[in-house]
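**Student:** fold the following for me, if possible:
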Amino acid sequence: MPGAPGPAALAGATLLAILLAAPPAVMAQARGNGDDDRERTFVEALRRDDPAAAERYMALRDAREKALDELRRAEVQFGAAGRELQPVFLPRLKEARRKYAGSSLALLDFLDARDRQALASYQEAIGRITAILEERKGTRAQLEKWLRGE
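**Tutor:** Just a heads-up that it's a prediction; the model follows:
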């Protein structure tokens with residue numbers, strides 16, 4: 001069905017949503033080569049379906065990665081500062097958290113919109129298939145009558 005994301009795109013979207021929902025410290029441990037391969041597959045499928053959406057996704061992903069890097073740097077600085085200096089670094093840490101949260105939410109919004117679009121397409125396809133099955137049911141009943149000689 002044109003315009004509907006394939007299974008790879010949906011699997012990628014689901015994986016990304018799970019990874020994006022994880023806190024930064026968990027993310028650093030969770031990503032591996034398999035995740036990179038799945039994301040690459042997701043981006044390729046997205047690019048085939050909707051090149052503009054693929055570009056938007058990559059921009060959102062890159063912004064989120066940049067915000068995550070900034071957050072990690074702020075956390076390291078905050079952690080390395082002594083108790084006396086931590087209040088000096090706290091505003092930077094809070095701002096980095098806000099940027100990370102905002103960029104993560106923007107990416108989740110993108111993925112949610114894509115998933116809602118896919119869901120609507122699949123529901124439409126299910127409706128068409130259900131109608132075809134109902135037609136066949138009527139045809140089958142008529143043919144069975146004829147087979148019985150009615």
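**Student:** run a quick neighbour tally on D50.
**Tutor:** Residues lying near D50 (other CB atoms under 10 Å) number 17. For glycine as for every other residue, the C-beta is placed from the backbone atoms N, C-alpha and C.
**Student:** got it, and D49?
**Tutor:** Using other CB under 10 Å: D49 sits among 17 other residues.
**Student:** please apply the same query to S121.
**Tutor:** 15.
**Student:** that one is in what secondary structure piece?
**Tutor:** Using DSSP states H and E, S121 sits in helix 86-148.
**Student:** for A63, same thing?
**Tutor:** helix 51-80.
**Student:** low-confidence regions, this protein specifically.
**Tutor:** For the chain, the stretches with pLDDT under 70 are 1-32.
**Student:** change it to 50
**Tutor:** By pLDDT under 50, the low-scoring segments of the chain are 1-2, 15-22, 24-30.
**Student:** please compute how far the helix holding S121 lies from its chain's middle.
**Tutor:** 10 Å (CA atoms, centre = their mean, to the nearest Å).
**Student:** one step back: mind giving me the packing neighbours of the helix holding A63?
**Tutor:** helix 24-30, helix 33-49, helix 86-148 (3 or more CB pairs under 8 Å, 6 or more residues apart in numbering; DSSP states H and E).
**Student:** number of nearby residues for the residue nearest to R47 when sequence neighbours are not counted?
**Tutor:** In space, and not counting its chain neighbours, R47 is closest to A54: 3.9 Å by CB to CB, 6 or more residues apart in numbering. Neighbour count for A54, taken as other CB under 10 Å: 17.
**Student:** also A141?
**Tutor:** 9.
**Student:** do the same with R73
**Tutor:** 13.
**Student:** same deal with D109?
**Tutor:** 11.
**Student:** ok, now M58?
**Tutor:** So M58, with other CB under 10 Å, has 14 neighbours.
**Student:** residues touching it, list them.
**Tutor:** M58 is in contact with V43, counting by CB atoms under 8 Å, 6 or more residues apart in numbering.
**Student:** before we move on, the earlier item: give me whichever of the helices and strands packed on helix 51-80 is most buried.
**Tutor:** helix 33-49 (a mean of 15; mean count of other CB atoms under 10 Å).
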